[in-house]
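Just to be clear, the model below is a prediction. Sequence and coordinates:
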Amino acid sequence: MSAAQTLQRQLREFQKNPLPGFNVELKEDNIFVWDIGIFGPPDTIYEGGYFKATMKFPEDYPFNPPTFTFNSEFFHPNVYTDGRLCISILHPPTPDPMSGERPEERWNPTQSVESILISVISLLTDPNISSPANVDAGVMYRDDREKYNEIVRKEVEKSKRDIPENVAIPKSAEDFIIKNKPEIEEDESFWYDDEEVDDEWDEDYMSDE
């Protein structure tokens, strides 16, 4: 399967079963460039924000990872000042002893758009400050959390101007959970509301992994 076919399939799956908290569209109908909108998770300093980003996929996807770049101002230990996201899952699957990353932490072809976006959300609330891409943000997060939070809150307020008119805004933690059983073509990563998923389907899904 070509990279374009793989991405078209993943886009169809994402459109059938959207990941809560994200708005995804193609940029100028280019299957290799996705415009991403991220709603700040509730009960975090990002709550109420809407952060725009671009994900660009290589021609040999999924054997190599896409790049992920924030277009909105985004002060974070793991985001370079030019907006590029630095996260293990997006690092090429080649040996790099200097990074200190284990091979299983880096990109592999079983990853998907969903697993990338879930990793981004996880990083928002749990930054890796041991090797920050933005040293100033990493030091401030560690030593002056109040000042760090103040900067982020200002960015959140600015970002609200970019919320599209036709997009539903998640307003609670419940809005960030998939409650209906998704249609899965192959092994993918999702958030689930376990109480809503029947045991029989859960066993079938697990057996496919």
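Sure thing, it's come through. Numbers count the residues shown, from 1 in each chain.

which residues touch Asp162?
Gly37, Tyr50, Lys52, Ser72 (CB atoms under 8 Å, 6 or more residues apart in numbering). For every residue, glycine as well, the C-beta is placed using N, CA and C.

now the second one: how far from Phe70?
So the one you mean is Tyr50. Distance, Tyr50 to Phe70, by CB to CB, to the nearest Å: 12 Å.

which residues of the protein score low on pLDDT?
1, 94-104, 171-209 (pLDDT under 70).

Only the C-alpha atoms, please, for the top strand by length along it, written as PDB.
Secondary structure assigned by DSSP state E gives strand 30-39 as the longest strand of the chain. Output in PDB follows, covering the C-alpha atoms of strand 30-39 (Å, rounded to 0.1, in the frame of the first residue of the first chain):
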ATOM      1  CA  ASN A  30      -3.000  17.500   0.000                       C
ATOM      2  CA  ILE A  31      -3.200  14.100   1.600                       C
ATOM      3  CA  PHE A  32       0.400  14.600   2.800                       C
ATOM      4  CA  VAL A  33      -0.300  17.800   4.800                       C
ATOM      5  CA  TRP A  34      -3.000  17.900   7.500                       C
ATOM      6  CA  ASP A  35      -4.200  20.900   9.400                       C
ATOM      7  CA  ILE A  36      -4.700  20.000  13.000                       C
ATOM      8  CA  GLY A  37      -6.800  22.000  15.600                       C
ATOM      9  CA  ILE A  38      -6.300  21.000  19.200                       C
ATOM     10  CA  PHE A  39      -8.700  22.000  22.000                       C
END
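
Tell me who's in contact with the most centrally placed residue in the chain.
A centroid search over the chain (CA atoms, centre = their mean) returns Leu117, at 1.9 Å, as the residue closest to the centre. Contact analysis of Leu117 by CB under 8 Å, 6+ apart lists Leu19, Phe22, Ile36, Ile38.

The third one against Met55, yeah?
This points to Ile36. Yes: using CB atoms under 8 Å, Ile36 is in contact with Met55, at 5.6 Å.

overlap in contacts of these two?
Phe68.

Any chance of the backbone angles for Gly22?
No Gly there; residue 22 is Phe. In terms of degrees, to the nearest 10, the main-chain angles of Phe22 are phi -130, psi 150.

what's near enough to touch it?
Contacts of Phe22 by CB under 8 Å, 6+ apart are Ile36, Gly37, Ile38, Phe39, Leu117.

All the strands of the chain, residue numbers only.
Going by DSSP E, the chain shows strands at 22-27, 30-39, 50-56, 67-70.

how about JSON lines for those, with distance to Val113 added?
Output for the strands of the chain, formatted as JSON lines (distance: least, CB to CB, whole Å):
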{"stretch": "strand 22-27", "distance to Val113": "8"}
{"stretch": "strand 30-39", "distance to Val113": "8"}
{"stretch": "strand 50-56", "distance to Val113": "8"}
{"stretch": "strand 67-70", "distance to Val113": "10"}
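
mind checking which of the ones you listed is nearest Arg9?
Closest approach to Arg9 among the strands of the chain is made by strand 30-39 (10.4 Å; CB to CB).

who does Ala53 bridge with?
Ile36, Phe70 (DSSP bridges).

got a list of what it touches?
Asp35, Ile36, Gly37, Ile38, Phe68, Thr69, Phe70, Asn71, Ser72, Gly83, Leu85.
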